[in-house]
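1. here is a sequence with its predicted model. Questions after.
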Amino acid sequence: MILYHGSYLEIDEPDLKHSRPNVDFGKGFYTTPLREQAVKWCGKFKRRGRDAFISIYEFDEGAFDQLKVLRFDSYSEEWLDFILTCRSGNDASDYDIVIGGVANDKVFNTVELYFEGLIDKTEAIKRLRFEKPNLQVCFRTSKALGDYLHFQRSEQI
């Protein structure tokens with residue numbers, strides 16, 4: 001499977017030390033199988049006058065049999081609970097890879113409404129189901145990155 005990562009530089013050796021905590025699926029290296037989504041991620045760098053690159057990787061799907069993988073096939077109550085746990089800094093899970101939808105700005109607004117008690121979980125899930133499909137693959141361990149994600153090339157956007 002081909003995966004993409006959007007950044008202000010080519011990343012031929014992904015690592016975890018540059019990862020931010022308290023994001024959708026916790027600290028990790030985020031990729032997507034959707035090239036268009038990676039291009040969109042590059043937009044924030046271009047808007048700031050910086051270079052933008054899509055790094056392209058081959059993902060060895062043998063990881064699914066060898067590693068601890070959590071997959072969310074849709075925006076669900078379980079997905080929302082996991083996002084809330086990770087974004088609040090309370091994730092203690094040991095998943096190597098987490099796959100699922102992105103909590104973009106519109107999604108995050110829904111999450112914030114839920115956090116503030118203005119909507120319940122059922123309403124939050126209902127709103128999330130209308131989002132444009134997107135997908136992120138988060139590599140959370142060095143083993144997952146080193147053994148299963150292989151740099152192919154990069155493209156300047």
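-> Noted; the coordinates are in hand.
2. got phi/psi on the residue of the chain positioned farthest from its centre?
-> Here the chain reaches farthest from its C-alpha mean at L118, the gap being 26.2 Å by C-alpha atoms, centre = their mean. In terms of degrees, to the nearest 10, the main-chain angles of L118 are phi -80, psi -20.
3. hmm, which helix or strand of this structure has the shakiest average pLDDT?
-> helix 105-115 (a mean of 77; mean pLDDT, DSSP states H and E).
4. the helix or strand following it vs helix 105-115, what angle?
-> Once helix 105-115 ends, the next helix or strand along the chain (criterion: DSSP states H and E) is helix 121-128. Taking axes from the mean of the first three to the mean of the last three C-alpha atoms, to 10 degrees, one finds helix 121-128 and helix 105-115 inclined to each other by 170 degrees.
5. ok, and what's touching helix 121-128?
-> Identification of contacts with helix 121-128 by C-beta atoms under 8 Å, 6 or more residues apart in numbering yields 75-77, 80, 101, 107, 110-111, 113-114, 119. Every residue, glycine included, has its C-beta placed from N, CA and C.
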